[in-house]
Every structure is written in structure tokens, then in C-alpha cells.
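A.B. asks: Okay, here's the prediction I keep looking at, along with the sequence it came from:
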Amino acid sequence: MDIIDTHCHVIAEDEDRYPRSPIGGKASAWATSRPVTTEDMLARMDEAGIRQSVLVQATTAYGYDNSYVRDSRAAHPDRLIAVGTFDPLAPEAPARLASAVQAQGLAGVRLFTSGSTVPVQGEWFAAPEAYPFWQAAAELDVTVCLQMRLGPATRQLVDLLQRFPTVRVLLDHIGYPDIAAGPARAGKEVAELADHPGLHLKLTHRNLEPLHAVGEEAIEFLTPLIDSFGAERIAWGSNLPAAEQSMTELVDLARTVLAPLPEAAQEAIFAGTARRLYASLGRRGS
């Protein structure tokens, strides 16, 4: 099966060339304790049978400095594409976005509004000051990865999707739904967002681990997502090395949890959706 990893991170050994500047001034534990270089990532991809990956900027290591993912993509354009962290509130954000995707080689951008070093969910991504960025993202046909937690900021996400219905948003880790508290309820809550055609879901170990833990109940979460979004709006990502497992173990975890789904749905989640989200990945086998 064709497999594309839509969410992995790389950290350079050369801190002089690529100085650390984590968002909020604090590096995540994984970025410090188990960094993976681009060369290491390629080797792990080979071991797991992954031909192409999307390098998502390690925001908790480099903040808004996307130099390493850009350079990694340039060095291995047949294997890697890059998604860089972006500030939609920065001056001249639309022009900066155009430059990032047209001149700097980014296939997409990421807004980091909550995470391991940002404990409070920010709502700035949907502020009126960010509207020019979102309009530019829609016009440039850029995929925007959104790192956020569903809950208090869901209303802001919905308002944004209604205001910019053609923008393509890829929700990192599916917004961290509380699967452990009830797979069926969590699936239903996420499925309610499917009316917004630009919204896509990124399925990672953050979701797959609790789904594996609930066993056969996992299908109660997956079914409403497939029925509402369709597999063509769901993409798999490893989240290595934030995920502690090996790449092969992370692929096996995804295969196990998704095994009850039809083969066509699995093919879409493992690669087809990624190719639609990122044209620079090319066609299968190209």
C-alpha cells in the first residue's frame, strides 16, 4: 500500500546553522530528548516502507524559523515536502504567505495555537486581524495545518470556516477529541464539523493510541467520521519523534486500528488524501 506520512518533525544537529528558537521560549521535551535529523527520518521512512513524507515545522524547537524544513525539502525533493509555521497576524501576512509558498518552497503552513509548550488555547487564529491571511490562503490554494484543541475554540473554528468556505484546513491530531471518555460521543462531535467542506482531519498517534486502547469500540469513533467526512478528507501522520515508537510501530498501529475499514478508505487515509492536499507530492509512482 502506498503510504505518505503527513506529520513528522526533524531537528538538526547543527545548532549554529539552525539555532533553537521555540515558540514561547520553551522547547518541548521530545525535541530535546529524542531529536531526529532529516537523514535519520529518511532511514526510518525506508524501514517502514514510506516513500514520501511531509516535514511539519518543529514549532517547539524552531518557532517561526522554517529554515531546516525548507533546506531538507530542497535536498530531497523526491521524498520530502515542507510545511512551515506561520504567524497570520504578522505585518503583510498575505504577501509573506505568497512568498513562503511561491519562492521559499513551502507546500503549506501551520498555525500553532495550542500544544505542549502553549498550554492555553489561543483564539488569535480567528481574529479579524487574521482575515487577510485566510483570504490569501484560499486564493493561493494553500493547505493550512491548524494545531488546536476542540472545545472552547471550536466556535471560532466554525466561524472561520463559514467566513472562508474555500480555505483548506487540515486539523492536526483531529483537534484532540476525548476518545477515552467515549469513542462514539467523540466521533459524533467531530462529525458535526463535516458540513464545512474545507475542513480535513489529520489522524495521528494522538488519536490512534486511545483508539487502540478501546479495542472494538474504535469503530464507533471511526464510522461517523468516515460517513460524514469521507476517507478522502482524512490523512494519516506519524507524529515522529513526538511519538516515542519507531516509524514501523506507528505504521503498524495505524494499520491495526484502521483494519475494519474498507480497503479503499485505508488507501485514501494512508496516501490518497495527502496527494490531494499537497499537489507537490505528485501522483503515485511519479
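C.D. replies: Perfect, thanks for sending it.

A.B. asks: Now do the strands for the chain: every range, in order, please.
C.D. replies: Here the chain has its strands, by DSSP state E, at 4-8, 52-56, 80-85, 108-112, 143-147, 168-171, 199-203, 234-236.

A.B. asks: Would you mind getting the angle between the third one and strand 52-56?
C.D. replies: The reference is to strand 80-85. Put simply, strand 80-85 runs at 20 degrees to strand 52-56, going by axes from the mean of the first three to the mean of the last three C-alpha atoms, to 10 degrees.

A.B. asks: Could you please name the strands strand 80-85 pairs with and the direction of each pair?
C.D. replies: Applying DSSP bridges to the sheet, strand 80-85 is found paired with strand 52-56 (parallel), strand 108-112 (parallel).

A.B. asks: mind showing which ranges of the protein have poor pLDDT?
C.D. replies: 116, 283-286 (pLDDT under 70).

A.B. asks: Without its sequence neighbours, what residue ends up closest to the residue nearest the centre of it?
C.D. replies: Per C-alpha atoms, centre = their mean, the C-alpha nearest to the average position across the chain is that of residue 172, at 4.3 Å. Nearest residue to residue 172, sequence neighbours excluded (C-beta to C-beta, 6 or more residues apart in numbering): residue 147, at 4.4 Å. The C-beta positions use only the backbone N, C-alpha and C, and glycine is treated the same way.

A.B. asks: Surely that neighbour and residue 113 touch.
C.D. replies: Yes. With contact defined as C-beta atoms under 8 Å, residue 147 and residue 113 form a contacting pair (6.1 Å).

A.B. asks: Could you count how many residues lie near residue 26?
C.D. replies: Using other C-beta atoms under 10 Å, the number of residues around residue 26 comes to 11.

A.B. asks: List the contacts of it.
C.D. replies: Residues near residue 26 by C-beta atoms under 8 Å, 6 or more residues apart in numbering: 60, 117.

A.B. asks: Show me where the stretch 51-200 of the chain has its helices.
C.D. replies: For the stretch 51-200 of the chain, the helices defined by DSSP state H, counting those that start in this stretch occupy 59-62, 67-75, 93-102, 131-140, 154-163, 183-191.

A.B. asks: hmm, back to that, which one, of the strands of the chain, ends up nearest to residue 192?
C.D. replies: Closest to residue 192 of those, according to C-beta to C-beta: strand 199-203, at 10.9 Å.

A.B. asks: strands paired with that closest one, and their directions?
C.D. replies: Here, using DSSP bridges, strand 199-203 pairs with strand 168-171 (parallel), strand 234-236 (parallel).

A.B. asks: Save these as CSV, and put in mean neighbour count and distance to residue 277 too.
C.D. replies: CSV is the format used below for the strands paired with strand 199-203 (neighbours: other C-beta atoms under 10 Å; distance: least, C-beta to C-beta, whole Å):
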stretch, mean neighbour count, distance to residue 277
strand 168-171, 23, 6
strand 234-236, 27, 6
